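**Student:** sharing a model that was predicted from the sequence below.
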Amino acid sequence: MELVIDIETVSGEKYFGQLSAAMQAHWQHKASLLKTGAETADPAISYRDKAAIYAEFGKVICIGIGFVDREEQQVRIKTLADREERELLAGFFELIKRLEKENKGDIVFCGHNIKEFDLPYICRRALVCGLKLPKSLALSGLKPWQVPHIDTLELWKFGDYKHYTSLDLMAQVLGIPSSKADMDGSQVSEVYWENDDLERIATYCSRDIFTTALVYLRLNAHPVAGFEPVFVD
């Protein structure tokens, strides 16, 4: 069973100053290695702008899941969002375990850059939260060619591993409507920490799921005209 997946992440704390002294020191070391502008010499600014992308300093606040039904021309989408990361991940794992049981096998995840970002991030944060990974996410120790999951970025690279293309650019090139109409990934932290609008983030995540699903179909030479998103509880 193929499931399209996308996650949204934010910094673990709102402000750099809320970190312990040890974690502040670790962030300053991490920030010193980043290729960023001069303004990020201030660790408070670099933490605000960059911490969300590192599992050691960030947390998951939303997970989107989509199932592509080619016969009905639908992408059935479910989003899970919670300010309590452990509760969010536990709920996601229960859903995955149930689907593994129902489908009598592993789940194959599909997403954009999921092999380098979404899946490792989920696994690392699960360990931090003291959660056991479902079978489909037991990836530790596997060689790259043993990971069964599908990465649209990898499909697009055609072996050109120095090349990165954003989901939005791929969608534009392939003639698929952008998912960035209301916001983009760079705004997630602000919407979470400043506006406290988790629902808006979940809506954005669901749009990314639909766009990713259509990109995946196009990369497999499958027509996408007529496909509609269906949102499920």
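**Tutor:** Cool, the structure landed.

**Student:** give the buried residues for the helix or strand containing residue 88.
**Tutor:** Residue 88 is part of helix 85-103, with elements assigned from DSSP states H and E. By neighbour count on 16 or more other C-beta atoms under 10 Å, the buried set for helix 85-103 is 85, 86, 88, 89, 90, 92, 93, 95, 96, 99, 100. From N, CA and C alone the C-beta is placed, and that goes for glycine too.

**Student:** immediately after it, which helix or strand?
**Tutor:** Immediately after helix 85-103, counting by DSSP H and E, sits strand 108-111.

**Student:** check the offset of that next one from the chain's centre.
**Tutor:** 11 Å (C-alpha atoms, centre = their mean, to the nearest Å).

**Student:** elements contacting that strand?
**Tutor:** Under the contact definition 3 or more C-beta pairs under 8 Å, 6 or more residues apart in numbering; DSSP states H and E, strand 108-111 sits against strand 2-11, strand 150-151, helix 198-219.

**Student:** winner for burial among these?
**Tutor:** strand 2-11 (a mean of 24; mean count of other C-beta atoms under 10 Å).

**Student:** strand partners of that strand, parallel vs antiparallel please.
**Tutor:** Here strand 2-11 has these sheet partners by DSSP bridges: strand 58-69 (antiparallel), strand 108-111 (parallel).

**Student:** could you give the angle of the next helix or strand after the longest one to helix 198-219?
**Tutor:** I take that to be strand 58-69. The C-terminal neighbour of strand 58-69 among helices and strands, as given by DSSP H and E, is strand 74-81. On the basis of axes from the mean of the first three to the mean of the last three C-alpha atoms, to 10 degrees, strand 74-81 is oriented at 150 degrees to helix 198-219.

**Student:** re earlier: among the strands paired with strand 2-11, which comes closest to residue 175?
**Tutor:** strand 58-69 (17.9 Å; C-beta to C-beta).

**Student:** no further questions, thank you.
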